[in-house]
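Q: Quick one, fold the following:
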Amino acid sequence: MEGKIATLAAVLATVFAGSALAAVPAGYPAEYQKIVDAGTKEGKVVIYSTTDTKAAGPLIKGFEEQYPGIKVEYNDMNSTELYNRYLSEQASGSGSGDVVWSSSMDTALKLATDYAAEYASPEKEKLPKWAVWQQKAYGTTYEPVVFIYNKRLIPAGDVPDSHSALAKLIAAQSDKFKNKVTTYDIEKSGLGFMLAVQDKKSDKDYFAHLGDIAKGGLTVQSSTGTMMERVSSGENLIGYNILGSYAEARIKGDKSLGISYPKDYVLVLSRVSFISAEAEHSNAAKLWFDYVLSEKGQSILANQADIPSLRQDIEGKNDIDGMTKLLGQALKPIPVDESLLEYLEPKKRLEFIKQWREAAAK
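A: Sure thing, here's the model as predicted:
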């Protein structure tokens, strides 16, 4: 009997210790304690994400330390897989992600229009207005889209600093760049399709530039990691529409890889997140959601995961202020709004893919 009492006491001590540690974040309303307590009781949050598990690791660790009673079940997928899986699970009524967090801004917003819960995060006022859609879908990062190149094989004087310069370089040396230029496969990568559409909206000569870029033959991939690996090895020489956050993290340990930020315009991606209206762990989902948007969570993203912060109050240069000082007026943030949905209409999507394939000779 004494053994059972001791065991029960130990369990209760652990519960109460976890409860004491899981306090309301500073500056939050007192009633937020109810969400903390309910989330701790739920004990788990399920995340469907396109952010690499390695990159998200410090964020997961920080969250579980702040809320020791909640475990993060993190599912890392590519954008198309995430979209199809979540949509299928919602249709069948089976278990699914509590939170969606995707770099494919358009498909994430499309899911949010039908399946997101409305939630006014306490962190909302710290975010740019363009990053919040109907208190359902929120942008979470501020990531420039860049060119990458092999530093050993591309002379410094040839490194392109604009989309037109990239097109001219390849068109002028099509033999050198034969099958040596890589970008996303827009039919297999939701992120790749979205970035191509945004390029078209930003560049009046987009398809002409694409035709020149493809003169040596394009090699398309569905993974940023694969493109960086191929450029680093020299199998490819240049990659474009690459997430700068992943490239910046890679070059810290890779002397072969270089980055160029285009001066004509730099698309800025913000990973879109929402809480599912049918979330099984809805309170834990709110805690995760707010943590990602908080100063603490954003600081972890910026300074440990090398993913630039959407906020302006983060220590260091890896936030909106730092990016603005580096790139100025060239920055072109992609807003989290209905404009993202335009090219997801089936007919328009197919027409765009047809035009893209014709220009790229794919």
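Q: my guess is residue 274 is in a strand, correct?
A: Yes - under DSSP: H, G, I helix; E, B strand; the rest coil, residue 274 falls within a strand.
Q: Look up which residues are beta-bridged to the nearest residue to it once chain neighbours are set aside.
A: Nearest-residue entry for residue 274: residue 116, 3.9 Å, with adjacent residues in sequence omitted and distances by CB to CB, 6 or more residues apart in numbering. No exception for glycine: its C-beta is placed from N, CA and C like everyone else's. Applying DSSP bridges to residue 116 yields these beta-bridge partners: residue 276.
Q: what about residue 116, how many neighbours?
A: Other residues near residue 116 come to 24 when the count uses other CB atoms under 10 Å.
Q: Is it in contact with residue 273, as I believe?
A: No - Residue 116 is beyond contact range of residue 273, at 9.4 Å (criterion: CB atoms under 8 Å).
Q: Common neighbours of these two, please.
A: Taking CB atoms under 8 Å, 6 or more residues apart in numbering as the contact rule, residue 116 and residue 273 both touch residue 137.
Q: Tell me how far residue 214 lies from residue 163.
A: 13 Å (CB to CB, to the nearest Å).
Q: gap between the residue nearest to residue 274 and residue 138?
A: Taking CB to CB, one finds residue 116 at 10 Å from residue 138.
Q: which residues are common contacts for these two?
A: By CB under 8 Å, 6+ apart, the residues touching both residue 116 and residue 138 are residue 274.
Q: just checking, residue 248 touches residue 307?
A: No - using CB under 8 Å, residue 248 is not in contact with residue 307, being 9.1 Å away.
Q: When the two are compared, which one has more neighbours?
A: Applying other CB under 10 Å to residue 248 and residue 307 shows that residue 307 carries more neighbours, namely 28 against 17.
Q: Can you tell me the SS state at that one?
A: The three-state label given to residue 307 by three-state DSSP is coil.
Q: could you point out which element follows the lowest-mean-pLDDT helix or strand in the chain?
A: Between all helices and strands in the chain, the lowest mean by mean pLDDT, DSSP states H and E belongs to helix 2-21, at a mean of 46. Heading C-terminal from helix 2-21, the first helix or strand you meet, by DSSP states H and E, is helix 32-42.
Q: now whichever helix or strand comes after that following helix against helix 32-42, angle please.
A: Counting by DSSP H and E, the next helix or strand C-terminal to helix 32-42 is strand 44-49. Taking axes from the mean of the first three to the mean of the last three CA atoms, to 10 degrees, strand 44-49 and helix 32-42 form an angle of 90 degrees between their directions.
Q: Give the rounded mean pLDDT of whatever helix or strand comes next after strand 44-49.
A: Later in the chain than strand 44-49, the nearest helix or strand by DSSP H and E is helix 53-66. The pLDDT scores in helix 53-66 average 96.
Q: list the buried ones in whatever helix or strand comes next after helix 53-66?
A: Downstream of helix 53-66, the first helix or strand assigned by DSSP H and E is strand 71-76. Neighbour counts over strand 71-76 (16 or more other CB atoms under 10 Å) mark 72, 74, 76 as buried.
Q: Any chance of those residues in CSV with distance to residue 89 as columns?
A: As requested, these are arranged in CSV below (distance: CB to CB, whole Å):
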residue, distance to residue 89
72, 19
74, 17
76, 17
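Q: remind me which residues of the chain are low pLDDT?
A: 1-21 (pLDDT under 70).
Q: which ones are touching the closest residue to residue 137 other than its chain neighbours?
A: Leaving out its chain neighbours, the residue that sits closest to residue 137 by CB to CB, 6+ apart is residue 112, at 4.0 Å. For residue 112, the contact set (CB under 8 Å, 6+ apart) comprises 100, 133, 136-137, 272, 274.
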